[in-house]
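Chemist: Have a look at this prediction, sequence included:
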Amino acid sequence: MQDIINLLFWAGTIAGGLLILLLLISIFSGMEIGGDLDVDAGGDLDAHGDAAADGSLGMLKTLLTFVSVGAFTARAIFMNTSWSWALVALTALLAGTVAVLLLTWFFRWLLKNQEEGNWRLWQAEGKTGSVYVPIPPGGKGRVIVQIDGVNREISARSEDGRAMGTHEKVLVVEAKEDYVVVAPFEA
């Protein structure tokens, strides 16, 4: 019995250590070593990655998580109960599966909540703002428009070619390649 407990300890420790090593390598190298694991409620299990090695490393991480949690669970049950082999094995398999499902859910939740920090000029269309740098007749100035909750300073021309002064309220009518066209805004 002591040999089995030692074997479970080393299996869990080695699997957990390799998993941590792979994660540290991916964090410090900036490389995306992994892939993503799709687990559907219907029981389908698919690994996706940009390259074949990427997908296989994702499956390796999944397998290491499963083995580590399952082995430590089996060891804890063996040491603290008098359950049968079959019940211990079933519980260890269940614990490993639950760990993989929870990690999959957690990483999906993290990815779902990430935001893109980039913005596009066309997002300013239809929004109001104010002139920051005066727009000369027929020339360019700068306006401040709030896009995605952040004030953006954008090059601007007036729609009718007239001058617009600082702090004048404007409506962004159209987005061009590197500037926006604005018109006076009356609230």
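Modeler: Thanks, I have it. Only a predicted model underlies this, so the values are computations on that prediction, with no experimental measurement involved.

Chemist: Check the spacing between the residue nearest the centre of the chain and W105 real quick.
Modeler: Nearest to the geometric centre of the chain sits L111, at 2.8 Å (CA atoms, centre = their mean). Counting by CB to CB, to the nearest Å, the gap from L111 to W105 is 11 Å. Heads up, the C-betas are built off the backbone N, CA and C, glycines and all.

Chemist: Can you report how many residues neighbour V133?
Modeler: 15 (other CB atoms under 10 Å).

Chemist: ok, K140 touching V180?
Modeler: No: with contact defined as CB atoms under 8 Å, K140 and V180 do not form a contacting pair (10.0 Å).

Chemist: between these two, who's got more neighbours?
Modeler: Taking other CB under 10 Å, K140 and V180 do not tie; V180 has more neighbours (22 against 13).

Chemist: Next, the more buried one: phi, psi?
Modeler: phi -120, psi 160 (degrees, to the nearest 10).

Chemist: what does N113 give?
Modeler: Dihedral pair for N113: phi -90, psi 0, per degrees, to the nearest 10.

Chemist: Skipping its backbone neighbours, what lies nearest A74 in space?
Modeler: A92 (3.8 Å; CB to CB, 6 or more residues apart in numbering).

Chemist: same thing with P136?
Modeler: Per CB to CB, 6+ apart, closest to P136 is A163, 5.8 Å.

Chemist: Check W122 too.
Modeler: A175 (4.5 Å).

Chemist: Please work out how many residues are found near the one you found.
Modeler: A175: 17 neighbours (other CB under 10 Å).
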